[in-house]
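**Student:** Take this sequence and fold it.
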Amino acid sequence: MNKELDNLDQQLLNITQRDFPITSKPYQAIGEKLGIEGSEVIDRIKKLKEQGYIRRLGGIFSSKELGYVSTLVATKVEEDKFYKVAEKINQYPGVTHNYRRNHDFNLWFTLIVSSSAKLEAQLAEIADLEGVKVLRNLPAKNLYKLGVNLDMQSKEQDRGEENGS
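**Tutor:** Below you'll find the model as predicted:
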């Protein structure tokens, strides 16, 4: 991180985490709350992103509620083919996370698709990639979500709220 956040940036980060307005002019609405112009909100968000304070700004949707099927996948990939396999897996639009682990199962990813049939078909394709030795489909039995909101203006951080189902 490049600089100490001023009070306005702290307020802006709090609003974008917890209370992003759903309106045709959200940055103007945020600006009104902060007493600045919408264009300054946009400029500040751009700077915060460039400085690494904001990684991503966007909605989080429930894939299950939207009718999608998801799973966690663990694979054993030959070391000399690891990056080639990872690159091919990343080409699937439903791959949301893909990461390396220091384990026999060295490549893990999540996959979200529109149906169980499509999930099985894509897992079969991936299992057949050159270099994939073993693929394990690990669907969730229970869903636990951890929501984290960092209070940028308080010395004591809000550690989040756990929701289980």
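**Student:** got the buried residues for stretch 97-110?
**Tutor:** Across stretch 97-110, burial judged by 16 or more other CB atoms under 10 Å covers 98, 105-110. To be clear about C-beta, it is placed using only N, CA and C from the backbone, and glycine gets the same treatment.
**Student:** And the residues you listed, which two are furthest apart?
**Tutor:** Across the buried residues of stretch 97-110, the longest distance by CB to CB is 15.9 Å; it joins Asn106 and Thr110.
**Student:** about what we covered before: among the buried residues of stretch 97-110, which ones are in strands?
**Tutor:** Among the buried residues of stretch 97-110, the ones falling in strands (DSSP state E) are 98, 107-110.
**Student:** With pLDDT and distance to Lys25 added, can I get the residues you listed in CSV?
**Tutor:** Formatted as CSV, these follow (pLDDT from 0 to 100; distance: CB to CB, whole Å):
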residue, pLDDT, distance to Lys25
Asn98, 91, 36
Leu107, 98, 43
Trp108, 97, 41
Phe109, 97, 37
Thr110, 95, 34
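**Student:** Relative to Gln122, which of those residues is nearest.
**Tutor:** Nearest to Gln122 among these is Phe109, at 11.0 Å by CB to CB.
**Student:** In contact with the residue in the chain sticking out farthest from the centre, which residues?
**Tutor:** Farthest-out residue of the chain from its mean C-alpha position, per CA atoms, centre = their mean: Gly35, at 30.7 Å. Counting by CB atoms under 8 Å, 6 or more residues apart in numbering, Gly35 makes contact with nothing.
**Student:** mind redoing it with 10 Å?
**Tutor:** Gly35 is in contact with 8, 11, counting by CB atoms under 10 Å, 6 or more residues apart in numbering.
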